[in-house]
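Enquirer: Kindly generate the corresponding structure for this input.
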Amino acid sequence: MRRQRKAKIVATLGPASSTREQIAALFRAGADVFRLNFSHGTHEDHQKRYEVIREVEEEMGRPIGILMDMQGPKLRVGTFTDGSVELKSGSTYRLDLDEAKGNAKRAQLPHPEIFEAVQPGTNLLIDDGRLRLRVKKAGSDYAECEVVVGGKLSDRKGVNVPDVVLPLSPLTQKDRVDLHFGIDLGCDWVAMSFVQRPEDVAELRKLIGGRAKVITKLEKPAAIDRLEEIVDLSDAVMVARGDLGVEMPPEDVPAIQKRIVAACRKSGKPVVVATQMLDSMVHSPAPTRAEASDVATAVYDGADAVMLSAETASGQYPVEAVAMMNRIIERVERDPTYRRIIEAQHPDPQATGHDAISAAAAQVAHTLSVSAIVTYSTSGSTVLRVARERPEVPILALTASLSTARALCLAWGAHCVLISDLKRFSEMVDKACSIALKQEMARLGDRVVITAGVPFGTPGSTNILRVAWVEE
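Expert: Below is the predicted model of the structure:
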């Protein structure tokens, strides 16, 4: 089941993709990591899907990553006497804490944090930006607003506040309950929504306590302002273009996407590009040409993974969507332009031993035309440093840790194989060659580059580079 590509695919599970047959078909089509979206479904639903994924993992003999995606705070208006009202551009409209049902003059906004943060001139976007209000006057429990862009406003529509940092944790009480459940279940990655500042990521890391990896979803302009700090604190980053495209002008999103991908590449952190990548495949067996180009652009930019949401969770063609994404990635990575772009974006290695070894491994692999780079890793850090180099050959990641193997399913180019602990250097070389042969990553007479750290089992101790011949 070795993929013929290096960028990975994340597929969201839902009503259209919950049976064992469907999940196995998605994996065969190309899904490397499965996303459990905790904005929908019950704990029982997610547990059943988790158990099926692990059954498929055992059946396929390949590690599979599982990502739990927390809902985060959902800011919404209240309800209306008649279910909806029509707001006219240029009129005045009041938002407040009053629990009474809304009307043509006012509506409830049950979030005091918003009133604490807004000031005259602050923009409020409602219903994914379809309506825009600008604050004229605000107090501790109300905001008088001018309707800049009017339209129909109905019950419980979402509210975005792009101009300010809200005094609000991205972890709601629901998220904390979900987090405890997901960690106990065994999810490999935890994605946090609506991050605004580095302290939000630090709070989640403390709660997780090292039991899973952290993905920070970037969908707030305030987070982009502190991008480098947030990337440093994260294990991976997701470009969540849905809310990002609501909270900032759509024309800004492509440049922001490239900036985020470049920052993650520099730091050696996996980056996932998400939202509406093959959206028309929710109802159609083929994507638009623009959607195919969107996926291709993310791969050309150097993203570690691209993600499918409704396409696989509730769409009519979930397996076809994964297969299409798989083919697009394979085609891009065969394009000579792809290598030129990736190499032009190459970040300088940092002044560390494992960066020096990883950069040297990529260079040796190119110079000697070896078949693969084999890395031994306990924590996965060595594999990520090699992936940062974006070598021309596959990365065979060997680890004795099942959790590390599953987490590395998100890393660019990494093909993970679980092995027993090693005792001797000669054993390391023998295993590297025999597994590369067995996994069809090398043939008899080929050479492989091997990196490892001695003493074995010490995270971050990469200090050996070896070129070996694959022999019987």
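
Enquirer: did I read that right, V417 in a strand?
Expert: Yes: assessed with DSSP: H, G, I helix; E, B strand; the rest coil, V417 lies in a strand.

Enquirer: what's the burial count for it?
Expert: By the measure other Cβ atoms under 10 Å, the count of residues near V417 is 19. Any C-beta I mention is one placed from the backbone N, CA and C, and that applies to glycine too.

Enquirer: domain assignment for this structure?
Expert: What automatic domain parsing lists as the domains of the chain is 8-72+170-332, 84-160, 353-469.

Enquirer: looking at those, which is closest to R2?
Expert: Checking the domains of the chain against R2 by Cβ to Cβ gives domain 353-469 as the closest, at 5.7 Å.

Enquirer: how far out from the middle of the chain is the closest one?
Expert: 24 Å (Cα atoms, centre = their mean, to the nearest Å).

Enquirer: Now do the end-to-end distance for that domain.
Expert: Start-to-end span of domain 353-469 (Cα to Cα, to the nearest Å) is 25 Å.

Enquirer: same question, stretch 402-415
Expert: Start and end residues of stretch 402-415 are separated by 13 Å (Cα to Cα).

Enquirer: So for it, mean pLDDT?
Expert: On average, the pLDDT along stretch 402-415 is 98.

Enquirer: buried ones in that stretch?
Expert: Using 16 or more other Cβ atoms under 10 Å as the test for burial, stretch 402-415 gives 403-415.

Enquirer: can you check stretch 160-177 too?
Expert: Neighbour-count burial for stretch 160-177 [16+ other Cβ under 10 Å]: N160, V161, P162, D163, V164, L166, L168, S169, P170, L171, T172, D175.

Enquirer: what sits up against that stretch?
Expert: The contact list for stretch 160-177 (Cβ atoms under 8 Å, 6 or more residues apart in numbering) reads 38, 70-73, 75, 111, 113-114, 116-119, 121-126, 128-129, 179, 192-197, 200, 203-204, 207, 220-222, 243, 246-248.

Enquirer: repeat that for 6 Å
Expert: Applying Cβ atoms under 6 Å, 6 or more residues apart in numbering, the contact partners of stretch 160-177 are 70, 72-73, 113-114, 116-117, 122-123, 125, 192, 194-196, 200, 221-222, 246-247.

Enquirer: can you pull out the strands in the stretch 151-300 of the chain?
Expert: Secondary structure of the stretch 151-300 of the chain by DSSP state E, counting those that start in this stretch: the strands cover 151-154, 159-160, 189-192, 213-218, 236-240, 271-274.

Enquirer: roughly how far out does the first one sit from the chain middle?
Expert: The reference is to strand 151-154. 32 Å.

Enquirer: got the CA positions of stretch 357-377 in PDB?
Expert: Coordinates of each C-alpha in stretch 357-377 appear next as PDB, following Å, rounded to 0.1, in the frame of the first residue of the first chain:
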ATOM      1  CA  ILE A 357      22.400  15.300   8.900                       C
ATOM      2  CA  SER A 358      19.000  15.700   7.200                       C
ATOM      3  CA  ALA A 359      20.200  18.200   4.700                       C
ATOM      4  CA  ALA A 360      23.200  16.000   4.000                       C
ATOM      5  CA  ALA A 361      21.000  13.000   3.500                       C
ATOM      6  CA  ALA A 362      18.900  14.800   0.900                       C
ATOM      7  CA  GLN A 363      22.100  16.000  -0.900                       C
ATOM      8  CA  VAL A 364      23.600  12.500  -0.900                       C
ATOM      9  CA  ALA A 365      20.400  11.000  -2.100                       C
ATOM     10  CA  HIS A 366      20.400  13.400  -5.100                       C
ATOM     11  CA  THR A 367      24.200  13.000  -5.900                       C
ATOM     12  CA  LEU A 368      24.200   9.200  -5.700                       C
ATOM     13  CA  SER A 369      20.700   8.600  -7.100                       C
ATOM     14  CA  VAL A 370      19.700   6.400  -4.200                       C
ATOM     15  CA  SER A 371      16.300   4.800  -4.000                       C
ATOM     16  CA  ALA A 372      15.200   6.100  -0.600                       C
ATOM     17  CA  ILE A 373      16.100   7.800   2.600                       C
ATOM     18  CA  VAL A 374      15.600   5.600   5.600                       C
ATOM     19  CA  THR A 375      15.200   7.300   9.000                       C
ATOM     20  CA  TYR A 376      15.000   5.800  12.500                       C
ATOM     21  CA  SER A 377      13.000   7.900  14.800                       C
END
